[in-house]
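Asks: Any chance you could fold what I've pasted below:
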Amino acid sequence: MSQARTESTILSNGVKMPWLGLGVWKVKDDGEAERSVASAIEAGYRSIDTAAAYNNETGVGAGIRNSGIARDDIFVTTKIWNAHQGYESTLTAFEDSRRKLGLDVVDLLLIHWPVKDKYTETWRALEKLYRDGFVRAIGVSNFQIHHLRDVISTSEFVPMVNQVEYHPLLTQTELHTFAKSSNIQLMAWSPLMQGNLDQSVFAEIGAKYGKSPAQVVLRWDLQNEVVTIPKSVNPVRQQENADIFDFTLTDEEVALISGLNRNQRFGPDPDNFNF
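Replies: Below is the predicted model of the structure:
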């Protein structure tokens with residue numbers, strides 16, 4: 001295992017969070033999640049990103065426990081789903097997630113989406129869980145600048161992480177700048193654009209370094225100081241996605257990839273979602 005795969009960013013509260021993690025969206029809880037997590041940990045991953053809405057927290061927890069790696073060496077993220085938002089319901093939902101994961105403490109707890117008229121109360125519950133020591137860090141997901149300002153203006157803690165759709169076709173520059181200025185770590189979901197990697201520039205740059213288009217895009221994430229969590233249940237692909245610490249893109253290559261932006265989403269718009 002390359003030690004580089006455990007390289008970490010330091011969140012605003014001093015907690016270390018690996019730059020690379022495994023995403024498990026759409027990974028089934030019929031043994032697939034457990035196997036996927038186990039193979040990723042064997043390949044050197046030390047961060048797993050799940051959510052209540054993924055319905056695989058039980059398998060994720062089993063994969064972690066059976067990995068042979070000390071619990072303190074694995075960074076686990078989960079999220080509060082939309083239907084469970086609100087103060088009391090968030091506390092209840094978290095206990096359910098904690099039970100399924102089989103963990104005493106969760107490393108990072110996020111609000112999954114900014115549900116109107118509920119996310120500030122949900123955040124208040126996350127603050128309580130953080131103060132009480134049940135989570136090591138708290139954050140949000142799919143929050144735009146105005147959502148972040150709402151939370152920051154009424155809260156004790158600034159979100160430590162904002163997980164958003166982020167990739168070369170959706171660079172979210174203003175949001176990224178705001179996050180940096182507020183000491184909020186940006187984290188990319190769907191970093192590989194759900195497989196839409198057919199831009200010639202990825203292959204051209206990859207050929208220079210002996211890397212795949214996916215590896216080029218994931219490296220671009222890291223050089224933009226964005227945590228990345230590519231999803232794969234294939235051990236070979238997991239290994240490939242992790243082999244991004246042995247080359248460096250030039251500033252010109254980073255800019256060339258960033259120039260592909262066209263504000264294209266593959267997922268829902270955080271200002272207009274319905275679930």
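
Asks: Can you classify Arg124 as helix, strand or coil?
Replies: Counting by DSSP: H, G, I helix; E, B strand; the rest coil, the backbone at Arg124 sits in helix.

Asks: which one is it nearest to, not counting chain neighbours?
Replies: The shortest distance from Arg124 to any non-neighbouring residue, by Cβ to Cβ, 6 or more residues apart in numbering, is to Tyr87 (5.7 Å). The way it works is simple: take the backbone N, C-alpha and C, and place the C-beta from them, glycine included.

Asks: swap in Leu218?
Replies: Leu218's closest residue in space is Ile244 (Cβ to Cβ, 6+ apart), at 4.8 Å.

Asks: from what I can see the one you found touches Gln215, true?
Replies: Yes - here Ile244 reaches Gln215: they are 5.2 Å apart, a contact under Cβ atoms under 8 Å.

Asks: Of those two, give the one with the bigger neighbour count.
Replies: Set side by side, Ile244 and Gln215 show more neighbours around Ile244, with 26 against 22, by other Cβ atoms under 10 Å.

Asks: Let me see the confidence value for that one.
Replies: Looking at Ile244, its pLDDT is 97.

Asks: do the same with the one 4 residues further on
Replies: The predicted local confidence for Thr248 comes out at a pLDDT of 98.

Asks: now it: how far from Lys211?
Replies: 11 Å (Cβ to Cβ, to the nearest Å).

Asks: At which residues are the strands of the stretch 151-275 of the chain located?
Replies: 161-165, 185-189, 227-228 (DSSP state E, counting those that start in this stretch).

Asks: do you know which of these lies nearest Asn272?
Replies: Closest approach to Asn272 among those is made by strand 161-165 (13.6 Å; Cβ to Cβ).

Asks: Pull the distance from the closest one to the chain's centre.
Replies: Strand 161-165 has its average C-alpha position 7 Å from the chain's average C-alpha position, going by Cα atoms, centre = their mean, to the nearest Å.

Asks: who's in contact with it?
Replies: 11, 17, 49, 77, 108, 110, 137, 139-143, 148, 172, 175, 179, 184-190, 227, 265-267, 270 (Cβ atoms under 8 Å, 6 or more residues apart in numbering).

Asks: Show the buried residues in these.
Replies: 11, 17, 49, 77, 108, 110, 137, 139-143, 148, 172, 175, 179, 184-190, 227, 270 (16 or more other Cβ atoms under 10 Å).

Asks: In contact with Leu103: list those residues for me.
Replies: Leu103 touches Gly61, Arg71, Val76, counting by Cβ under 8 Å, 6+ apart.

Asks: can I get those residues in CSV with neighbour count, distance to Leu256 and secondary structure?
Replies: Below are the contacts of Leu103 laid out as CSV (neighbours: other Cβ atoms under 10 Å; distance: Cβ to Cβ, whole Å; DSSP: H, G, I helix; E, B strand; the rest coil):
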residue, neighbour count, distance to Leu256, secondary structure
Gly61, 24, 41, helix
Arg71, 14, 41, helix
Val76, 24, 35, strand
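
Asks: Format these as CSV; extra columns: distance to Leu260.
Replies: Listed next are the contacts of Leu103 as CSV, based on distance: Cβ to Cβ, whole Å:
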residue, distance to Leu260
Gly61, 38
Arg71, 40
Val76, 32
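
Asks: Quick check: which of those has the minimum pLDDT.
Replies: Arg71 (95).

Asks: Mind checking which of Thr248 and Lys211 has more residues around it?
Replies: Neighbours were counted for Thr248 and for Lys211 using other Cβ under 10 Å; Lys211 has more, 22 against 12.
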